[in-house]
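Visitor: Structure of the sequence below:
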Amino acid sequence: MVNEKNDELALDCLLLAGQIMMESGAETYRVEDTMLRMARSQNLDAQSYVTPTGIILSLGKQQKTKIISISSRITDLHKIAKVNNVSRKLTLKIITLDEAYDELRMIQKTNYFLPIWLQILMAAVSSACFLILFKGTWFDMPAAFIAGGTGYLALLAIQHLTKVKFFSEFFASFVIALVAFSTVKLGYGNEIDKIIISGVMPLVPGVLITNAVRDMMAGHLTAGIAKGTEAFLTAFAIGTGVAVVVAFY
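Guide: Okay, here's the model as predicted:
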């Protein structure tokens, strides 16, 4: 009975660690490696199969197997680092399995994101900086600042209303292009292409593309292709939103 309880706790703990990492945008091979390291620290011969939409974990041929689905994925590198820290402490015997599970549940419940107003401000500032990086003029910086901030605000607003990820990115890029065209037409901007490109940069799925390539290189072809497809659809949504405004103007 004690062994059954320990196995149940180990399954829940390992799956929770994997779930948090996948939902926070970690690479598939990193999730598998973390779960297996934690299992080995408890002298368990675990096997796992991780995809962007689900995790299958077994403690052995004669042991229990559990499946958990991954319904949402964002980029939260702080949570990934927190889970890695718990894994290291468990591997080094600094904490017990119970303590690790408690820490993971706390990590799952905690929101480490900055306040929404600060996220919008940073998106606006980064857009203005990207404008200079793309050799735009200083005169266009206010337009890029407004476009980037407004677009990111639209992204958060649509994400709050619907769970259709690509629709929010389409609408955000649509707003960015609309703001860019409006500022140029009113005389507050010159190079509309650089304003639009700078404004959409906070929306570009850079981490997703990187993870897709890294998973492919690590041999996780299914996960790599899935993440690459998701990145392609995100880029397509951004491009379509801009194209709609360009077509009407």
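
Visitor: Can you give me the distance of the residue nearest the centre of the chain to Val31?
Guide: Centroid check for the chain by CA atoms, centre = their mean gives Thr75 as the closest residue, at 2.4 Å. Separation of Thr75 from Val31 (CB to CB, to the nearest Å): 15 Å. All C-beta spots, glycine's among them, are computed from the backbone N, C-alpha and C.

Visitor: Same question for Ser58.
Guide: Distance from Ser58 to Val31, counting by CB to CB: 15 Å.

Visitor: Of the two, which one has the most company?
Guide: Set Ser58 next to Val31 and count neighbours by other CB atoms under 10 Å: Val31 wins out with 27 against 17.

Visitor: any chance you could map the strands in the chain?
Guide: For the chain, applying DSSP state E gives strands covering 47-51, 54-58, 65-69.

Visitor: pLDDT value on the closest residue to Asp98 other than its chain neighbours, please?
Guide: Of all residues not flanking Asp98 in the chain, Leu9 sits nearest, at 7.0 Å (CB to CB, 6 or more residues apart in numbering). We have a pLDDT of 84 for Leu9.

Visitor: likewise the one 5 residues further on?
Guide: Reported pLDDT at Leu14 in the predicted model: 92.

Visitor: For it, which non-adjacent residue is spatially closest?
Guide: Closest to Leu14 by CB to CB, 6+ apart is Met35, at 4.8 Å.

Visitor: per-residue pLDDT, that neighbour?
Guide: Per-residue confidence (pLDDT) for Met35: 92.

Visitor: Pretty sure it sits against Gln47.
Guide: No. With contacts counted by CB atoms under 8 Å, Met35 stays clear of Gln47, the gap being 9.9 Å.

Visitor: Output the below-cut-off pLDDT ranges for this structure.
Guide: For the chain, the stretches flagged by pLDDT under 70 are 1-5, 62.

Visitor: can you map out the helices along it?
Guide: 2-23, 28-41, 77-91, 97-109, 116-133, 141-161, 165-185, 192-200, 206-217, 221-248 (DSSP state H).
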